[in-house]
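**Student:** need a 3D model of the following:
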Amino acid sequence: MRQSEERYISLLTDFGFKRIFGTDPNKELLINFLNSLFDGEEVIKDVKYLNSENVGDVYTERKAIFDVYCENEQGEKFIVEMQNAYQTFFKDRSLFYSTFPIREQAPKGSDWNFCLKKVYVVALLNYKMSDEAFDSSDTIHTIALMDTKTNKVFNAKLMFKYVEVGRFDKTDEELTSLSDKWMYVLKNLSRLDNRPAALREKIFSKLFDAAAVARFTPTELREYEDSLKAYRDIKNSLDTAKEQGREEGMEEGLAKGREEGLAKGREEGRAEGIALVAKMMYDKGMDIDAIASMIGMSKGEVERLCEQ
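**Tutor:** All right, here's what the predicted structure looks like:
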């Protein structure tokens with residue numbers, strides 16, 4: 001008997017995201033989604049999934065575990081990451097991730113002219129990133145290597161897409177572009193009882209079929225419920241931490257200035273909340289690699305938190 005109160009899975013959970021975008025039977029959904037984000041800059045016709053766990057040049061070096069890692073028919077690499085929790089150095093983390101598909105292109109034991117295939121990092125952010133480099137009127141931001149004076153692309157082999165899912169607030173009646181529609185389902189799929197009129201295209205028929213909880217096996221349902229609980233624990237703890245951070249920030253702001261106090265309160269609240277969630281998930285027996293992927297920390301950082 002189905003226990004989940006939702007008709008469709010949440011794409012913000014680790015299970016839901018990887019089921020829809022990270023499995024070969026559903027790769028048509030990933031292709032359509034990526035094409036909607038690139039909007040003609042890049043046209044993907046097919047993808048092949050690659051090993052999502054990557055290590056450095058020697059085994060002892062730091063690992064990177066991607067949510068989705070694939071390549072298109074030209075051999076261009078795509079890393080797709082869902083980030084639910086704020087992370088201070090997420091820009092650095094996404095840059096670090098990009099080095100793995102760059103370095104793995106170097107052939108071993110032979111001459112090489114250093115010609116690279118393109119590497120794309122797509123970061124889906126379930127919060128407001130609010131970076132000063134972004135156009136605040138948009139939710140999809142494209143970052144490339146360019147000359148800062150001419151604004152011309154210097155090298156097109158590395159590109160980042162930062163997608164602020166958490167800031168997307170259009171209703172189903174306001175959806176016009178394909179990217180709008182994908183952003184809407186990313187944020188709202190699990191809240192829907194029926195398909196909105198704006199999502200009647202064939203690709204969304206496949207999405208809703210794949211996301212229907214009623215089609216899950218008992219094992220899949222248990223895995224989804226565990227993933228959903230972990231996601232809710234994270235969000236609840238972060239919401240609580242943000243509220244505490246605001247209160248602490250307001251108190252400190254009386255002495256040091258309102259803006260400084262609020263900023264410090266938010267950062268400390270986030271950090272304490274994330275640490276609390278990591279320890280709670282570890283105590284419940286969750287794998288450290290999974291914890292690290294969900295909360296946006298390295299495995300070593302999670303291990304240090306859990307040992308405290």
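**Student:** can we go C-alpha only for contacts and neighbour counts from here?
**Tutor:** Noted.
**Student:** got a list of what residue 97 touches?
**Tutor:** Applying CA atoms under 8 Å, 6 or more residues apart in numbering, we find residue 97 in contact with residue 64.
**Student:** could you rerun that using 10 Å?
**Tutor:** 54, 63-66, 79, 91, 121 (CA atoms under 10 Å, 6 or more residues apart in numbering).
**Student:** skipping adjacent residues, who's closest to the residue nearest to the spatial centre of the chain in space?
**Tutor:** The chain has residue 82 as the residue nearest its centroid, 1.3 Å off, counting by CA atoms, centre = their mean. Nearest non-adjacent residue to residue 82, counting by CA to CA, 6 or more residues apart in numbering: residue 124, 4.8 Å away.
**Student:** ok, back up a step: and the residue nearest to the centre of the chain, that one's in a strand?
**Tutor:** Yes. Assessed by DSSP: H, G, I helix; E, B strand; the rest coil, residue 82 belongs to a strand.
**Student:** wait, it touches residue 90, no?
**Tutor:** No. Judged on CA atoms under 10 Å, residue 82 makes no contact with residue 90 at a distance of 11.7 Å.
**Student:** element containing residue 123?
**Tutor:** Using DSSP states H and E, residue 123 falls within strand 119-125.
**Student:** that strand pairs with which strands, parallel or anti?
**Tutor:** Strands adjacent to strand 119-125 in the sheet, as given by DSSP bridges, are strand 77-83 (parallel), strand 153-164 (parallel).
**Student:** which ones are touching residue 204?
**Tutor:** 29, 32, 181-182, 185, 195, 198, 210.
**Student:** could you rerun that using 7 Å?
**Tutor:** Applying CA atoms under 7 Å, 6 or more residues apart in numbering to residue 204 gives no contacts.
**Student:** mind checking how far it is from residue 32?
**Tutor:** Separation of residue 204 from residue 32 (CA to CA, to the nearest Å) stands at 10 Å.
**Student:** got the residue ranges for the helices in the protein?
**Tutor:** 14-21, 27-38, 90-103, 178-188, 202-210, 218-256, 258-283, 288-295, 299-307 (DSSP state H).
**Student:** need these in a markdown table (columns: distance to residue 128).
**Tutor:** Formatted as a markdown table, those follow (distance: least, CA to CA, whole Å):
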| stretch | distance to residue 128 |
| --- | --- |
| helix 14-21 | 19 |
| helix 27-38 | 18 |
| helix 90-103 | 13 |
| helix 178-188 | 13 |
| helix 202-210 | 26 |
| helix 218-256 | 13 |
| helix 258-283 | 13 |
| helix 288-295 | 16 |
| helix 299-307 | 23 |
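**Student:** for these, which has the smallest mean pLDDT value?
**Tutor:** The minimum mean pLDDT among those belongs to helix 258-283 (a mean of 63).
**Student:** buried residues in the strand holding residue 123?
**Tutor:** Buried residues in strand 119-125, counting neighbours by 16 or more other CA atoms under 10 Å, are found at 119-125.
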